[in-house]
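Undergrad: Let me see the structure of the following:
(4 chains, ligands or ions: 4)
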2 protein chains.
Amino acid sequence: MQSIIDILKENDIAPSMQRIKILEYLKNYKTHPTADMIYQALADEIPTLSKTTVYNTLKTFTEKGILMALYLFSNEVHYEYNTQPHIHFQCTKCNKIYDLYQSFDHYNNDLIDGHKITEYHINLKGICKNCLEKGK
Amino acid sequence: MQSIIDILKENDIAPSMQRIKILEYLKNYKTHPTADMIYQALADEIPTLSKTTVYNTLKTFTEKGILMALYLFSNEVHYEYNTQPHIHFQCTKCNKIYDLYQSFDHYNNDLIDGHKITEYHINLKGICKNCLEKGK
DNA sequence: TCCATTTTTATAATGGTTACAAATAAGTAA
DNA sequence: TTACTTATTTGTAACCATTATAAAAATGGA
Ligand SMILES: [Mn+2]
Ligand SMILES: [Mn+2]
Ligand SMILES: [Zn+2]
Ligand SMILES: [Zn+2]
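TA: Ligands and ions are numbered 1, 2, ... in the order given. Coordinates of the predicted model:
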């Protein structure tokens, strides 16, 4: 069980208070937040927090591979703490983003038509279980 | 063999010169252009063309299902004339976007974990055949 | 403590996109 | 055709997410 500070140190990132809180947030709340959502969530706890710091930190974390940047169905970038490969599903009714752990054949195939594949991003759209039930 | 004008009329869109040219461009050049790329490409031919018209037109076409909006690995929206389902692959070296016609199992599965799936967007990243050969 | 370096912050700038309202074009009835 | 109504295009300003910049603050070592 790795602490937030350990993760930062292992990646040669000085564990400042802002960085700890941002990574902690992403590790605890797996809601695929945007930079603004993270800023809003932490602004109370860290009144001096700057949105630039959030952007800088997310950039650093992403470059180090601690976070994954998600380009879903809008111009906003969503972020998540990197775990195992999985699929994203966004509900068109409630906009909630779900993680799906379906296994896809081609996760294990790294050459298609001669192109070397390094990343798979599978984004599904539809109506989630909750919204389907409500709609009845 | 359906003409551009027919496609527009079938979708209850008046076939103005701007709309014809924009749809024609997307039908002929399958390069997944952004709004700005389309504007740049047509600006010579239609000197009075406004970027707003390009955006309005792309929005109309997308709402009618004539075009597909693609959210790949940036904040810019790419557009393409809707054909059969396929996968996108973007090269990290040359940024070119490739269409791949791999068949994925789950194209035919419309219910995952109780969620109703209506759209599949599979976006791959890596190094394309061309760039691999150049890199040798 | 002093000083150099890192990190954070506020502000301005950028870039893609949208809102708005005026100008133009198209369609229709007399 | 004209007069009038509606649809479409256009230029401009606004918007919003993100990035650049430079000053302020914090950190860490000599
Ligand atoms: Mn996820
Ligand atoms: Mn395509
Ligand atoms: Zn839902
Ligand atoms: Zn390439």
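Undergrad: what comes into contact with the longest helix seen in chain A?
TA: For chain A, the helix with the greatest residue count under DSSP state H is helix A:51-64. For helix A:51-64, contacts defined as CB atoms under 8 Å, 6 or more residues apart in numbering or on different chains pick out A:11-13, A:18-19, A:22-23, A:35-36, A:38-39, A:42, A:67-69, A:79. Where you see a C-beta, it was placed from the backbone N, CA and C, and this is true even at glycine.
Undergrad: ok, it near DNA strand D or not?
TA: Yes - Helix A:51-64 is in contact with DNA strand D by CB under 7 Å from any atom of the strand, via A:Lys51, A:Thr52, A:Tyr55, A:Lys59.
Undergrad: returning to that earlier point: quick one: buried ones out of the contacts of helix A:51-64?
TA: With burial judged by 16 or more other CB atoms under 10 Å in any protein chain shown, the buried subset of the contacts of helix A:51-64 is A:Ile13, A:Gln18, A:Arg19, A:Ile22, A:Leu23, A:Ala35, A:Ile38, A:Tyr39, A:Leu42, A:Leu67, A:Met68, A:Tyr79.
Undergrad: Contacting DNA strand D as well, which ones from the residues you listed?
TA: A:Ala35.
Undergrad: May I see the buried ones among the contacts of helix A:51-64 arranged in CSV, with pLDDT, distance to ligand 1 and secondary structure as well?
TA: CSV is the format used below for the buried ones among the contacts of helix A:51-64 (pLDDT from 0 to 100; distance: CB to the ion, whole Å; DSSP: H, G, I helix; E, B strand; the rest coil):
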residue, pLDDT, distance to ligand 1, secondary structure
A:Ile13, 96, 22, coil
A:Gln18, 97, 23, helix
A:Arg19, 97, 21, helix
A:Ile22, 98, 17, helix
A:Leu23, 98, 16, helix
A:Ala35, 98, 16, helix
A:Ile38, 98, 15, helix
A:Tyr39, 98, 20, helix
A:Leu42, 97, 20, helix
A:Leu67, 97, 11, strand
A:Met68, 96, 8, strand
A:Tyr79, 98, 10, strand
